[in-house]
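Novice: coords below, sequence missing:
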């Protein structure tokens with residue numbers, strides 16, 4: 001009869017192999033069928049459901065001034081495209097939003113580090129940042145117009161006031177979740193001051209920081225739309241917010257839906273193209289998101 005005894009070295013080796021197998025993730029490209037089912041079909045299904053509900057509600061409402069038909073909205077898109085205005089609307093708002101967000105990033109990052117690491121600054125500014133984050137962005141538009149006038153500086157000021165608190169608070173939350181052991185180990189190896197912040201604190205706080213960036217972009221986009229709707233002025237160019245306000249003034253519901261869909265599309269596209277991949281990459285690098 002064959003012996004079934006195993007040596008201690010064999011047990012350790014099998015256990016180690018099993019753990020390695022558990023930690024191993026598939027690196028190959030997933031099959032197209034899996035991508036189709038998991039990534040492509042769900043949003044297409046959601047869009048189809050919305051269109052079916054729209055087609056069903058339109059004859060019930062039977063009032064184009066309240067609910068335009070999908071065909072009328074498509075015609076508004078086609079008209080703006082043929083006139084060459086559609087990409088101009090998008091670019092005017094996107095360029096403002098991204099530039100304003102970049103400035104917010106430059107301000108919010110050091111501010112968040114300062115609040116997270118200096119106890120007195122946290123006690124003085126931390127509650128203010130939380131209050132500013134909960135303040136509706138539209139509240140900043142009237143004072144910004146009074147202070148700066150109807151110009152792009154006013155737009156950027158509203159974006160900063162909307163995005164900086166979210167970015168700073170996200171970084172503060174990330175720093176608070178850094179294990180103290182990491183900081184002690186960094187100090188032991190000589191990573192103090194700016195070197196410690198760059199090599200220890202920021203990398204360890206990345207998940208919370210990226211979440212703050214994602215929320216900061218959402219706040220900056222909403223702030224910009226509020227500013228464009230309220231403070232519309234011909235010299236500022238026609239962005240998506242001003243397009244929505246022009247449609248409201250003209251009582252053109254097809255154009256109103258066009259502007260709303262464009263605002264929604266751009267916000268989702270920026271998130272899907274920039275922030276969601278960045279967030280997945282950070283989480284996956286820390287073993288918090290298993291790549292299947």
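Specialist: It's in. Predicted model only: the values in this text are computed from it and were never measured.
Novice: Centre-most residue in the protein?
Specialist: The centroid of the chain falls nearest to residue 214 when counting by Cα atoms, centre = their mean (3.2 Å).
Novice: Is it in contact with residue 274, as I believe?
Specialist: No. Taking Cβ atoms under 8 Å as the definition, residue 214 is not a contact partner of residue 274, at 9.0 Å. Using the backbone N, CA and C atoms, a C-beta is placed for each residue, glycine as well.
Novice: remind me, longest helix of the chain?
Specialist: Counting by DSSP state H, the longest helix found in the chain is helix 86-117.
Novice: quick one: buried residues of that one?
Specialist: 86, 89-90, 92-94, 96-98, 100-101, 103-105, 108-109, 111-113, 115-116 (16 or more other Cβ atoms under 10 Å).
Novice: where does the chain dip in pLDDT?
Specialist: Residues of the chain that meet the criterion pLDDT under 70 lie in 1-30, 32, 35-37, 183, 190-193, 195-196, 199, 288-292.
Novice: Now do the end-to-end distance for stretch 225-239.
Specialist: Stretch 225-239 has an end-to-end distance of 9 Å (Cα to Cα, to the nearest Å).
Novice: And stretch 238-254, by the same measure?
Specialist: Stretch 238-254 has an end-to-end distance of 17 Å (criterion: Cα to Cα).
Novice: Outside of stretch 253-267 itself, list whatever touches it.
Specialist: With Cβ atoms under 8 Å, 6 or more residues apart in numbering as the test, stretch 253-267 has contacts from 64-68, 72-73, 75-77, 80, 89-90, 93-94, 218, 221, 225, 240-241, 243-244, 246-248.
Novice: Got a quick ChimeraX command for the buried subset of those residues?
Specialist: Selection of buried members from those for ChimeraX, criterion 16+ other Cβ under 10 Å:
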select :67,68,72,73,76,77,80,89,90,93,94,218,221,225,240,241,243,244,246,247
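Novice: related to what we said a few turns ago, on the C-terminal side of the longest helix of the chain, identify the next helix or strand.
Specialist: Following helix 86-117 in sequence order, the next helix or strand is helix 119-134 (DSSP states H and E).
Novice: That next one: which residues count as buried?
Specialist: 122, 125-126, 129, 132-133.
Novice: For it, which outside residues touch it?
Specialist: Outside helix 119-134, the residues touching it (Cβ under 8 Å, 6+ apart) are 111, 114-116, 161, 164-166, 168-169, 172, 219.
Novice: and that helix, how far from the chain's centre?
Specialist: Taking Cα atoms, centre = their mean, to the nearest Å, the mean C-alpha location of helix 119-134 is offset from the chain mean by 22 Å.
Novice: and the direction of it versus that of helix 86-117, what angle?
Specialist: 150 degrees (axes from the mean of the first three to the mean of the last three Cα atoms, to 10 degrees).
Novice: And the helix or strand following helix 119-134, what does it pack against?
Specialist: On the C-terminal side of helix 119-134, the closest following helix or strand by DSSP H and E is helix 141-148. Identification of packing neighbours for helix 141-148 by 3 or more Cβ pairs under 8 Å, 6 or more residues apart in numbering; DSSP states H and E yields helix 152-176, helix 206-230.
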